[in-house]
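Trainee: here's my sequence, what's the structure:
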Amino acid sequence: IVYIIVSVTLIVLAMPNTDKPLLTYTVGEPWTSQQVISPGEIYIQKDPAVVEQERAELLRQDYFPYYNINKAVGEKQISLFLQKYSDGAPGVSAYSMQVVANIMRDMYDQGIMNQMEYQKIVESDSITDIMLVKDNEAVKAEVAMVMSTKKAYELLMDDPLLLNIKTTLQELNLNEFLVANITYDYKRSKQAYNELTSLISTNSGVMKQGQEIINRGEIVTEEKARMIDSYNDFISNNSERTLAEAFMHNGMQWLYILLIMLLFMCYLQYFREEYLVRPSCMVMLFTLLTLFPIINSLLVRWDPRNVYLLPVCMVPMFVRVFLDSRSAFMAHTTLVLLCSVIVSERFEYIVLQISAGYIAICALREVTKRSQIIATSACITLLYLVTYTLLKYMDNDALTFEILKHGYLLFIISGMMLMLTFPLMFVVEKTFGFVSPVTLMELSDINKELLRRLSEEAPGTYQHSIMVSNLASAIAQEVGAKLLLVRTG
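Mentor: Numbers count the residues shown, from 1 in each chain. Below is the predicted model of the structure:
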């Protein structure tokens, strides 16, 4: 009972929270699933590229970042300039220095921007005007009319009033008094940006409740794809339930998983009662039946199309090797029924996995070589590909490789992962205390040091042991017992 409660709880907690599995599709290919009807009023999303294009166009025309003019900066620099050159400079009179100060004052009133910030705006194609804030009053100004520190210095040197003393002024390093007094106003700019982008609609239409979204055989166009995406978003966003609804939904899932687990427990009770008193058998069976549905749920959360990526046939292969064929088939059937809960194409999934599990069990009567695992994986992969193609063809006569290629790729990857059964067999063996046929073959190897010493030091005993082993093996083969276990033991 403890095994069942723990397994059921963990499986239910790992399941996706949506009532319905999310739909998957391939643009340009026929829809092979059943008809999809809008469950409510659903807004159809625009193509993200179109939304981005509209946003860029709107920002280019109507977005003006805000900058503040700091009067204190200009006043400080003018004050420093007049203090230093109050009596003029070599070759420049005090009056000329006052003229320079007046010109600099006008520049600060107009605003001077940091050179890097100015260069960044000029190189941006989307910003042609900015908003300058002075004394809490915002005025739009063209970027071309704004001065950078470099531009301000050049304008100062080229001023007609200072041409006769330009050379002398260039030696005074007046650029140290021309600093940026325009600063970026992040808060106002962000507010203007948000207000502008909020005007962009991300919807291109609306689907009424009961309206057909797509039907079997229809080509999945770009428009249909956006409708399906909108349907998936609607299902995801409306998956939140009240406490009572969540309790009812999770309760139904819990009861379904519990029912499947109880049926498997009934099989053990009536046909394999000896396993119930062996903790290693129970722990292994329920660990596998819990771990694989949890991994399957995680894969579906990542991408619903990845349901065939999990090599579920690994479970019947383990059970067949360490226990027996009937238990392997029952465990595999139980596992497939548990995993199929969150799959959209349940019939297809069950048929494919049950068929593959049947092949896995039949092909592994006795595992003595690594090549058997590789051959079994190849057979299972081939069966997946053939059965999947036949099922898809029965649903859609106009079958193309584009429809099948994603499924083919998943089956091939799953088949390659099945080859990991051999190394993982040792992990299961050591974890749960079983002895695999491969280990029995290794123990019965006559080239082992202990057996070789026995044949050298006690040849009579060795020959007698070999004869008894052969006799026991013949009897085991006649009565259907485990040949390797009897021979090695």
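Trainee: next one: the helix ranked longest in the chain to chain centre, how far?
Mentor: In terms of residue count, the longest helix belonging to the chain (DSSP state H) is helix 243-271. Taking Cα atoms, centre = their mean, to the nearest Å, one finds helix 243-271 lying 29 Å from the centre of the chain it belongs to.
Trainee: check which element follows it along the chain.
Mentor: Using DSSP states H and E, the helix or strand that follows helix 243-271 in sequence is helix 273-276.
Trainee: now do that next one: which elements does it pack against?
Mentor: With contacts taken as 3 or more Cβ pairs under 8 Å, 6 or more residues apart in numbering; DSSP states H and E, helix 273-276 sits against helix 243-271, helix 279-302. C-beta here means a position set from N, CA and C on the backbone, and glycine is covered the same way.
Trainee: most neighbours per residue, which of the ones you listed?
Mentor: With neighbours taken as mean count of other Cβ atoms under 10 Å, the helices and strands packed on helix 273-276 reach their highest mean count in helix 279-302, at a mean of 19.
Trainee: hmm, who's touching that helix?
Mentor: Helix 279-302 is contacted by residues 3-4, 6-7, 10-11, 14-16, 21, 261, 264, 275-276, 306-307, 309-310, 312, 314-315, 318-319, 322-323, 327, 331, 334-335, 338-339, 342-343, 428, 431-434 when judged by Cβ atoms under 8 Å, 6 or more residues apart in numbering.
Trainee: pull the CA atoms of the next helix or strand after it into PDB?
Mentor: Per DSSP H and E, the first helix or strand lying C-terminal to helix 279-302 is helix 314-322. What follows is helix 314-322 as a C-alpha-only set of coordinates in PDB (Å, rounded to 0.1, in the frame of the first residue of the first chain):
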ATOM      1  CA  MET A 314      13.600  -0.100 -21.200                       C
ATOM      2  CA  VAL A 315      11.300  -1.000 -18.400                       C
ATOM      3  CA  PRO A 316      10.000  -4.300 -19.800                       C
ATOM      4  CA  MET A 317      13.600  -5.200 -20.800                       C
ATOM      5  CA  PHE A 318      14.700  -4.800 -17.200                       C
ATOM      6  CA  VAL A 319      11.700  -6.700 -15.800                       C
ATOM      7  CA  ARG A 320      12.200  -9.500 -18.400                       C
ATOM      8  CA  VAL A 321      15.800  -9.900 -17.500                       C
ATOM      9  CA  PHE A 322      15.500  -9.900 -13.700                       C
END
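Trainee: avg pLDDT for helix 314-322?
Mentor: Helix 314-322 carries an average pLDDT of 86.
Trainee: which one of the helices and strands packed on helix 273-276 lies closest to Thr376?
Mentor: helix 279-302 (17.5 Å; Cβ to Cβ).
Trainee: just the angle for that closest one relative to helix 243-271, thanks.
Mentor: Using axes from the mean of the first three to the mean of the last three Cα atoms, to 10 degrees, one finds that helix 279-302 and helix 243-271 are set 140 degrees apart in direction.
Trainee: mind giving me the packing neighbours of the longest helix of the chain?
Mentor: For helix 243-271, the packing partners by 3+ Cβ pairs under 8 Å, 6+ apart are helix 2-14, helix 273-276, helix 325-339.
Trainee: now render those helices as a markdown table, adding mean pLDDT and distance to Lys151.
Mentor: Converted to a markdown table, the helices and strands packed on helix 243-271 look like this (pLDDT from 0 to 100; distance: least, Cβ to Cβ, whole Å):
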| stretch | mean pLDDT | distance to Lys151 |
| --- | --- | --- |
| helix 2-14 | 81 | 63 |
| helix 273-276 | 86 | 87 |
| helix 325-339 | 90 | 69 |
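Trainee: winner for burial among these?
Mentor: When you average the neighbours per residue for each of these (mean count of other Cβ under 10 Å), helix 325-339 leads with a mean of 22.
Trainee: chain center to the next helix or strand after that helix: distance?
Mentor: As assigned by DSSP H and E, the chain's next helix or strand after helix 325-339 is helix 346-363. In terms of Cα atoms, centre = their mean, the centre of helix 346-363 is found 28 Å from the chain centre.
Trainee: secondary structure element holding Asn102?
Mentor: Element membership of Asn102 [criterion: DSSP H and E] is helix 94-110.
Trainee: right, and the helix or strand after that helix?
Mentor: Heading C-terminal from helix 94-110, the first helix or strand you meet, by DSSP H and E, is strand 112-113.
Trainee: what lies in contact with that next one?
Mentor: Strand 112-113 is contacted by residues Tyr67, Ile121, Val146, Met147, Ser148, Thr149, Ala152, Leu178, Val179, Ala180, Asn181, Ile182 when judged by Cβ under 8 Å, 6+ apart.
Trainee: check contacts around Leu263.
Mentor: With contacts defined as Cβ under 8 Å, 6+ apart, Leu263 is in contact with Thr334.
Trainee: pLDDT weak spots in the stretch 101-250 of the chain?
Mentor: Along the stretch 101-250 of the chain, the model assigns pLDDT under 70 to residues 125, 237-247, 249.
Trainee: which residues of it fall in strands?
Mentor: Remark: strands assigned in the stretch 101-250 of the chain by DSSP state E, counting those that start in this stretch are 112-113, 129-134, 137-142, 147-148, 182-184, 203-207, 212-214.
Trainee: which other helices and strands does the fourth one contact?
Mentor: Using 3+ Cβ pairs under 8 Å, 6+ apart, the elements in contact with strand 147-148 are strand 112-113, helix 115-123.
Trainee: circling back to that earlier point, give me the contacts around the helix holding Asn102.
Mentor: The set of residues external to helix 94-110 that reach it, using Cβ under 8 Å, 6+ apart, is 71, 73-75, 77-78, 81-82, 85-89, 147, 152, 155-156, 159, 161-162, 165, 169, 174, 177-178, 181.
Trainee: could you check how far that helix is from the centre of its chain?
Mentor: The chain centre lies 62 Å from the centre of helix 94-110; the measure is Cα atoms, centre = their mean.
Trainee: switch to numbering from 36
Mentor: New numbering, starting at 36: the last item is helix 129-145.
Trainee: buried stuff in that helix?
Mentor: Residues of helix 129-145 classed as buried: Ser131, Met132, Val135, Ala136, Met139, Met142, Tyr143, Gln145 (neighbour count, 16 or more other Cβ atoms under 10 Å).
Trainee: next: stretch 240-256.
Mentor: Across stretch 240-256, burial judged by 16+ other Cβ under 10 Å covers Met242, Ile248, Ile249, Val255.
Trainee: which one of the residues you listed is nearest Thr163?
Mentor: Closest to Thr163 out of the buried residues of stretch 240-256 is Met242 (39.9 Å), distances taken as Cβ to Cβ.
Trainee: that closest one and Ile248 touch, don't they?
Mentor: Yes: using Cβ atoms under 8 Å, Met242 is in contact with Ile248, at 6.7 Å.
Trainee: need the residues touching each of these two.
Mentor: Common neighbours of Met242 and Ile248 are listed as Ser73, Met262, Tyr266 (criterion: Cβ under 8 Å, 6+ apart).
Trainee: hmm, Gly240 and the first one touching each other?
Mentor: So the one you mean is Ser73. No: here Ser73 lies out of contact with Gly240, judged by Cβ under 8 Å, at a distance of 11.8 Å.
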